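> heads up, no residue letters with this:
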Ligand code: TXA
Ligand code: MG
């Protein structure tokens, strides 16, 4: 290990590449959230990801590429709409689900005939991908079911002992996972709202269909409890919900204005300016902070349901549903 690699974390792209070539796990920074990466064409390496995250094997992974040509090698045809989207938004927070080639291992796609692909927008990770002659399979670098990591520190806290190296690219610029779009010759379908606004996609691709988030076949990883913090989270009117709890046991996650609540144990405001970009960037680290605070319940409120607000509300609903599901 080179001298400047301390505690398995650093900015050594060549070292990260060597580990990945050897079938090991490296956490990588992206503009959305940190990923837990392995050689996406090496089934044994990919299996280590599922083990480290304790991820159910039916939940497929995203392949990360450094070029459009790299993506073309993995798919059986690139529909015109997908090409337009890739050309406009890659590198960026957009994942395309397309028909896969035989060569993509089943363990990556959980046996489905489609594969999810994206080109992340982060200088270190792009440099890394362009040094490798294989794509990187990478889910978010959190234990399955927990909030995604938006800093190298988050990764170390939860998976530090399970990754061989954390490539430290600083805090994630966008802070919420990529938007996932499935493109078939017939339709363009939103599988997960995320860091690329639906409005921008529709401007280019025309109307996008949405699937009910419960559709397990379309988005196997979008179980309602995904992204949940461990603490009970209640989504709705904070002042109203506060009546049911002791303030000293309550944490608040407000959108733009702090809620006046005497004695409340902890309060985070996603964006005092009411900026959805800022709110998305803060969401997961505030959820972590509140989850670690000495409280029993988190009261959160929805944000405006436009642009990145759709993705924020989606993650908040999933976090809340852990506690309302029968
Ligand atoms: O921003 C992101 O997308 C981050 C960074 C690391 O790139 N990755 C990420 O991966 O969020 P993950 O595994 O946490 O979420 C990927 C989602 C899962 O819900 C999975 O079910 C879905 O993508 N997915 C993967 N392959 C699919 C496919 N072939 N068809 C439908 N959904 C798929
Ligand atoms: Mg995830």
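Everything's here; your move. Because the structure is predicted, anything quoted here is derived from the model rather than measured. Ligands and ions are numbered 1, 2, ... in the order given.
> can you give me the pLDDT of the residue lying closest to residue 237 once chain neighbours are set aside?
Nearest residue to residue 237 in three dimensions, chain neighbours excluded: residue 301, at 6.7 Å (CB to CB, 6 or more residues apart in numbering). Every residue, glycine included, has its C-beta placed from N, CA and C. At residue 301, the model reports a pLDDT of 98.
> same check, this time on residue 223
58.
> host element of residue 116?
Using DSSP states H and E, residue 116 falls within strand 114-118.
> let me see the mean pLDDT of that strand.
98.
> thought residue 253 was touching the residue nearest to residue 237, still the case?
Yes - with contact defined as CB atoms under 8 Å, residue 301 and residue 253 form a contacting pair (7.5 Å).
> neighbour count for those two, which is higher?
When residue 301 and residue 253 are compared for neighbours, residue 253 comes out ahead with 26 against 22, by other CB atoms under 10 Å.
> could you check the distance from the more buried one over to ligand 1?
Residue 253 sits 21 Å away from ligand 1, taking CB to the nearest ligand atom, to the nearest Å as the criterion.
> the residue of the stretch 51-200 of the chain found nearest ligand 1: what's it in contact with?
The nearest approach of the stretch 51-200 of the chain to ligand 1 comes at residue 139, 2.9 Å away (CB to the nearest ligand atom). Listed by CB atoms under 8 Å, 6 or more residues apart in numbering, the contact partners of residue 139 are 35-36, 49, 53, 55, 59, 61-62, 221.
> make a markdown table from the residues you listed and add secondary structure to it.
A markdown table is the format used below for these (DSSP: H, G, I helix; E, B strand; the rest coil):
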| residue | secondary structure |
| --- | --- |
| 35 | strand |
| 36 | strand |
| 49 | helix |
| 53 | helix |
| 55 | coil |
| 59 | coil |
| 61 | coil |
| 62 | strand |
| 221 | coil |
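> so which of those residues are also by ligand 1?
Filtering the contacts of residue 139 for proximity to ligand 1 by CB under 6 Å from any ligand atom leaves 35, 59, 61-62, 221.
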